[in-house]
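In: Have a look at this prediction, sequence included:
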Amino acid sequence: MGTVAARGLSKSFGKVQALDGVTLDVPDGSFFVVLGPSGAGKTTTLRAIAGLEKLDAGSVHLDGRDATGDTPAARDLAMVFQSYALYPRHTVYENIASPLRARRCSSSEITTAVEQMSSLLHIERLLQRRPAQLSGGEMQRVALARALVRRPRAFLMDEPLTNLDLKLRVEMRTELTRIHRSLGATFVYVTNDQVEALSMADQVAVLKEGKVQQVGTPTEVYERPANQWVAGFVGSPPISLLACRAEGDRLVGAEGWTLPRPHWTTAEDGRALLLGLRAEDLSVEQRGNASLSGELYGLEPLGDRTLVDVRVGTKIVKVKARPTVTGTPGERLQVTVDLDRAHLFDADTGLSLSEAGR
Amino acid sequence: MAVSVDEAVSTGPARDHSPPARRLGGRGRSGLEVALLIVLAVVMLFPVLWMIETSIKENRDVYAIPAKFFDFRVTLEHYRDVFVAPDGGRSALSVSFLNSAVVAGVSTVLATVLGVPAAWAYSRFAVKAKKDQLFFILSTRFMPPVVVVIPIFLMYRQVGLIDSKLGLILIYAAFNVPFTIWMMKGFVDEVPAEYEDAAMLDGYTRLQAFWKFTLPLLVPGIAATAVFALIFSWNEFVFAIFLTSSDDVRTAPPAIAGLIGGTTTDWGLVAAASVVFALPVLVFAYLVRKHLIAGVTLGAVRR
């Protein structure tokens, strides 16, 4: 068993409200990612679950039992810190053995467990070194080994890949997913990297300013963002948002353009809306009846594709195009819109208006 | 610095590629710098040299006029007099040195044992009105000790701590605890709290986490702080002379001062006692010099 539940966590540091009623339900055995920009309260949420942070309000339940008052030791969780927090005076072996020593395991048990973990993470030859003699990637593995050496209720990970270089980060993503699958344990994983969230998670909770914006599978969060902010935060390049209103069977943009009104929207005429268009749902090559006219603002070749920045009125719309696309800035062009995949948000509340019809 | 403002701040584009100005303490000091440093060194070190010289001169040479700088007779009898009384027993001075060692040592241990956990608590926990408390603690060091010596004297007379080593130990510890808290708070701040967080998740209690993982990292800081506290207690004069009177309680500073006066002053004995008094601190500071420098720069400077 290993369910983790947070109920209405609230916490303020002085005048800053770090957490404002955060409620999460982490099912047993799932890879649960808490995603948000820095300062969203992700780490505070994790520390609250671990028992390292005293809450102003709310409760933490582990395996269905209220554990709000329990000490970190009694909660039976393991955590990987962003800074790794390896004990500088201890060897790698002693670092990994620490959770077992704290729980008074026999020395033969400790030896077996440490050796098993170090071979799983390929760090056998580092066991006698000290943390200062390790590279960032090695420290990360040792920190992971220290967490995994025990079988706790759940593993908490605070941006464990943030301090690694890109290549190592991609490698460790795959490795973490593999470890999660082989252990079948519950992971609560905090990150500000949406690629990590989308690629590793079973469930994603998007956090902003201490409030949960949306919880769902990676596909749900990407395809059906609950509000304008989630749509803007998840996805790269960011979604383009254009102000408009519905008028009869058309959408009329603030910049003067018109598009057919999507059949799925129920927004009443005259309401201020935001049209959300992802770069991959736009095209500068095909011709269709739903298109925006603009002028070429710039090209960003990314190797496997080229981002075409098109100026529509005063707004820049990003379009994902084939890498062979060419053009000169200032030239007029038509951007075809896949309206079935577009998003509409209420301009005042930011809430999605797309849900109902789909 | 040997560089004028005009030189240091380049004004024209032609100067942009000139080599950077020579820094103070770099290789190749100017003759003026060397001369000034020598003058300064002589002024600073002459009293010390004179003290050492006097302590090994025969009495005849000590009082000789004009003063003898080089051709004097060397003797160690002043050093013998520091430790051995004329009747062959222990001298009063040697007892006072022992008192100094006990008082300084115990008060330093007391201040460290009380101050280090307090510093840890102030660094790690959200204490109510923390800043005000820390300011209050610091404010006890604002005044010179002599300001409170009369009230302390009266209080000590009431509770019977006058002329006792315990009294001195307590008052020195009281002065060293605030100092220890402030110094050590800087050191504790430098040690990431996450070591303790990690240890608690490993399954240790908070106190175990502090004891096993944070405290070992604080040893250099504790050493530096303890040396400063020790030096304060060892050198302290005002409280010692007001609060003690008998020879078996008196510490070395007032005891040495007591040698001066009367009809004649045995300057050889005064000098020898002073050398013996200065030596332990010098040796101790030398032994922990690495920690001292690390301590002064690490604890005080926030990164």
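Out: Done, it's in. Numbers count the residues shown, from 1 in each chain, chains lettered A, B, ... in the order given.
In: per the record, what domains does the chain have?
Out: Unless you meant another one, I'm taking chain A. Listed domain ranges for chain A are A:4-225, A:230-346 (source: automatic domain parsing).
In: my question was about chain B
Out: Domain assignment of chain B by automatic domain parsing yields the ranges B:29-75, B:92-300.
In: Just to be sure, A:Gly69 is in a helix?
Out: No - with DSSP: H, G, I helix; E, B strand; the rest coil as the criterion, A:Gly69 is assigned coil and is not in a helix.
In: Next, work out how far apart B:Ala111 and B:Val159 are.
Out: B:Ala111 sits 20 Å away from B:Val159, taking Cβ to Cβ, to the nearest Å as the criterion. C-beta: built from backbone N, CA, C; applies to glycine.
In: Neighbour count for the two, which is higher?
Out: Taking other Cβ atoms under 10 Å in any protein chain shown, B:Ala111 and B:Val159 do not tie; B:Ala111 has more neighbours (27 against 8).
In: Which of the helices or strands spans the more buried one?
Out: helix B:92-124 (DSSP states H and E).
In: Could I get the full set of helices for the stretch 1-150 of chain B?
Out: With helices called from DSSP state H, counting those that start in this stretch, the stretch 1-150 of chain B shows them at B:5-8, B:31-55, B:59-62, B:77-83, B:92-124, B:130-139, B:149-159.
In: and the fifth one, what other elements does it pack with?
Out: Taking 3 or more Cβ pairs under 8 Å, 6 or more residues apart in numbering or on different chains; DSSP states H and E as the contact definition, the neighbouring helices and strands of helix B:92-124 are helix B:77-83, helix B:130-139, helix B:165-190, helix B:215-235, helix B:252-259, helix B:267-287.
In: Please identify the buried residues of that helix?
Out: By neighbour count on 16 or more other Cβ atoms under 10 Å in any protein chain shown, the buried set for helix B:92-124 is B:93-97, B:99-100, B:103-104, B:106-108, B:110-112, B:114-120, B:122-124.
In: what separates stretch B:33-48 from the chain centre, distance-wise?
Out: Centre-to-centre, stretch B:33-48 and its host chain are 23 Å apart (Cα atoms, centre = their mean, to the nearest Å).
In: Same question for stretch A:274-286.
Out: Relative to the centre of its chain, stretch A:274-286 is centred 23 Å away, using Cα atoms, centre = their mean.
In: mean confidence for it?
Out: Mean pLDDT, stretch A:274-286: 89.
In: quick one: the residue nearest the centre of chain B and B:Pro280, what's the gap?
Out: Central residue of chain B (Cα atoms, centre = their mean): B:Ile231, 3.0 Å from the mean position. Distance of B:Ile231 to B:Pro280, given as Cβ to Cβ: 10 Å.
In: where in the stretch 51-200 of chain B is pLDDT low?
Out: Across the stretch 51-200 of chain B, nothing is flagged by pLDDT under 70.
In: and the closest residue to chain B within the stretch 101-250 of chain A, what does it touch?
Out: Across the stretch 101-250 of chain A, the shortest distance to chain B (Cβ to the nearest Cβ) belongs to A:Ala102, at 3.4 Å. If you count contacts by Cβ atoms under 8 Å, 6 or more residues apart in numbering or on different chains, A:Ala102 has them with A:Ala73, B:Ala199, B:Asp202, B:Gly203, B:Tyr204, B:Gln208.
In: among those, which are in helices?
Out: A:Ala73, B:Ala199, B:Asp202, B:Gln208 (DSSP state H).
In: tell me the angle of the helix holding B:Ala111 relative to helix B:252-259?
Out: 150 degrees (axes from the mean of the first three to the mean of the last three Cα atoms, to 10 degrees).
In: and the angle for helix B:92-124 with helix B:165-190?
Out: Helix B:92-124 and helix B:165-190 meet at an angle of 40 degrees, taking the same axes, to 10 degrees as the criterion.
In: quick one, phi/psi of A:Leu19?
Out: Backbone torsions of A:Leu19, given as degrees, to the nearest 10, read phi -130, psi 140.
In: What about it, how many residues nearby?
Out: Count around A:Leu19 with other Cβ under 10 Å applied: 28.
In: Surely it touches A:Thr45?
Out: Yes - with contact defined as Cβ atoms under 8 Å, A:Leu19 reaches A:Thr45; the gap is 6.3 Å.
In: Quick check: neighbours shared by these two?
Out: Residues touching both A:Leu19 and A:Thr45 (Cβ under 8 Å, 6+ apart) are A:Leu9.
In: rewinding a little: what angle separates the helix holding B:Ala111 from helix B:130-139?
Out: Angle, helix B:92-124 to helix B:130-139, by the same axes, to 10 degrees: 170 degrees.
In: Does A:Tyr189 touch A:Val26 like I think?
Out: No - applying Cβ under 8 Å, one finds A:Tyr189 not in contact with A:Val26, separated by 10.2 Å.
In: Quick check: residues of the stretch 101-250 of chain A near chain B?
Out: Proximity of the stretch 101-250 of chain A to chain B, by Cβ under 8 Å from any Cβ of the partner chain, involves residues A:Arg101, A:Ala102, A:Arg103, A:Arg146.
In: Dump the residues you listed to a markdown table, plus secondary structure, distance to A:Arg287 and pLDDT.
Out: As requested, those are arranged in a markdown table below (DSSP: H, G, I helix; E, B strand; the rest coil; distance: Cβ to Cβ, whole Å; pLDDT from 0 to 100):
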| residue | secondary structure | distance to A:Arg287 | pLDDT |
| --- | --- | --- | --- |
| A:Arg101 | helix | 69 | 93 |
| A:Ala102 | helix | 67 | 93 |
| A:Arg103 | coil | 68 | 90 |
| A:Arg146 | helix | 58 | 94 |
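In: Among these, name the buried ones.
Out: Buried among these (16+ other Cβ under 10 Å): A:Ala102, A:Arg146.
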